[in-house]
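Trainee: Requesting a structural model of the entry that follows:
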Amino acid sequence: MMLIDTHCHLNDEKLLPRAEEIVSNFDRDGIESAVCVGYDMPSSELAAELANKYDKLYAAIGIHPHDSVTADYDKYERLATLSSSQKVVGIGEIGLDYHYDNSPRAIQQGAFREQIELADTLGLPIILHVRDAYEEARRILFEMSAYLRNGVLLHCYSGSAEMVREFDKVDAYYAFGGAITFKNAKHNLEALCAVPRDRLLLETDCPYMTPVPFRGELNEPKYLSLVADRAAQLLGVERAELEEVTSKNAKTLFTRMK
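Mentor: Next comes the predicted model:
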């Protein structure tokens, strides 16, 4: 059994020149497969292109809350076209970011709702970016629960353990990355321990969120092993068991994965 990186950005300019090298080393690095995630139209196009090029790479496509002001019908039509590829496994990353507010909050909420509906129409799960907006995200998901028939993933979960119990009501999945290796990670660790085992996923969010002891360097899928080691330690399970559980969960959520 190997690990599945459920959120990476090999489409980022920092990693793109080395994408072929990185993917070719998946077996060596203990990576079964990875999901390359878009955040605007160019990066979504590129994620789909990379996924179609590399057998062990999948794609998620969508418009990040930062870019919500760019969302329109034509872009949703293009996302729908891209999703016809079986290598596209989800719509994301979408959601709300009230930390930077790069798009007005009302616009963010509108694009979030529209892409939830789009994902439901396409029969795909949604991958959420939520920052300083967990209560608002919870409210929207509860209001739109009829559109959540294909799964919800809270990427880079940084909400509270108490909020896990709220998102459990919409059968959410939760992905954890390098942050659980940081010294100030008490909040993240409590949340990790509150997540039901059959809803736990692992990710790198590379090139960001590099785990200790490589913090400050570019992150890569190969460092998912460090996240898995820490998660297994915190949960009191064998590393092999964690690999099996999280890989099974990823394939349950992303039904197009082989």
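Trainee: Can you show me the helices along the protein?
Mentor: Using DSSP state H, the helices of the chain run over residues 19-24, 41-53, 73-82, 105-122, 134-143, 161-167, 186-194, 224-235, 239-253.
Trainee: As TSV, those with mean pLDDT, mean neighbour count and distance to residue 4 would be great.
Mentor: Where you see a C-beta, it was placed from the backbone N, CA and C, and this is true even at glycine. Output for the helices of the chain, formatted as TSV (pLDDT from 0 to 100; neighbours: other Cβ atoms under 10 Å; distance: least, Cβ to Cβ, whole Å):
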stretch	mean pLDDT	mean neighbour count	distance to residue 4
helix 19-24	98	16	14
helix 41-53	98	20	14
helix 73-82	98	15	21
helix 105-122	98	19	20
helix 134-143	98	17	24
helix 161-167	97	17	21
helix 186-194	95	16	17
helix 224-235	98	19	8
helix 239-253	98	18	4
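Trainee: Columns distance to residue 218 on top of those, output as JSON lines?
Mentor: Below are the helices of the chain laid out as JSON lines (distance: least, Cβ to Cβ, whole Å):
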{"stretch": "helix 19-24", "distance to residue 218": "11"}
{"stretch": "helix 41-53", "distance to residue 218": "17"}
{"stretch": "helix 73-82", "distance to residue 218": "27"}
{"stretch": "helix 105-122", "distance to residue 218": "28"}
{"stretch": "helix 134-143", "distance to residue 218": "28"}
{"stretch": "helix 161-167", "distance to residue 218": "30"}
{"stretch": "helix 186-194", "distance to residue 218": "21"}
{"stretch": "helix 224-235", "distance to residue 218": "14"}
{"stretch": "helix 239-253", "distance to residue 218": "23"}
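Trainee: right, and the ones you listed - which one's nearest residue 178?
Mentor: helix 224-235 (6.1 Å; Cβ to Cβ).
Trainee: Tell me who's in contact with the closest residue to residue 166 other than its chain neighbours.
Mentor: In space, and not counting its chain neighbours, residue 166 is closest to residue 138: 5.4 Å by Cβ to Cβ, 6 or more residues apart in numbering. Applying Cβ atoms under 8 Å, 6 or more residues apart in numbering, we find residue 138 in contact with 163, 166, 167.
Trainee: closest to residue 239 among those?
Mentor: residue 167 (26.4 Å).
Trainee: just checking, the closest one touches residue 139?
Mentor: No - taking contacts as Cβ atoms under 8 Å, residue 167 lies outside contact range of residue 139: 11.6 Å.
Trainee: where do the contact lists of those two overlap?
Mentor: By Cβ under 8 Å, 6+ apart, no residue touches both residue 167 and residue 139.
Trainee: Distance of the spatially closest residue to residue 151 that is not a sequence neighbour relative to residue 251?
Mentor: Excluding the flanking residues, the one nearest residue 151 by Cβ to Cβ, 6+ apart is residue 125, at 3.3 Å. For residue 125, the distance to residue 251 equals 12 Å [Cβ to Cβ, to the nearest Å].
Trainee: and if you look at residue 64?
Mentor: From residue 64 to residue 251 the distance is 25 Å (Cβ to Cβ).
Trainee: same question, residue 82
Mentor: 21 Å.
Trainee: And residue 243, by the same measure?
Mentor: From residue 243 to residue 251 the distance is 13 Å (Cβ to Cβ).
Trainee: cool, and residue 76?
Mentor: Distance from residue 76 to residue 251, by Cβ to Cβ: 27 Å.
Trainee: Then residue 37?
Mentor: Distance from residue 37 to residue 251, by Cβ to Cβ: 17 Å.
Trainee: Ok, residue 92 next?
Mentor: From residue 92 to residue 251 the distance is 17 Å (Cβ to Cβ).
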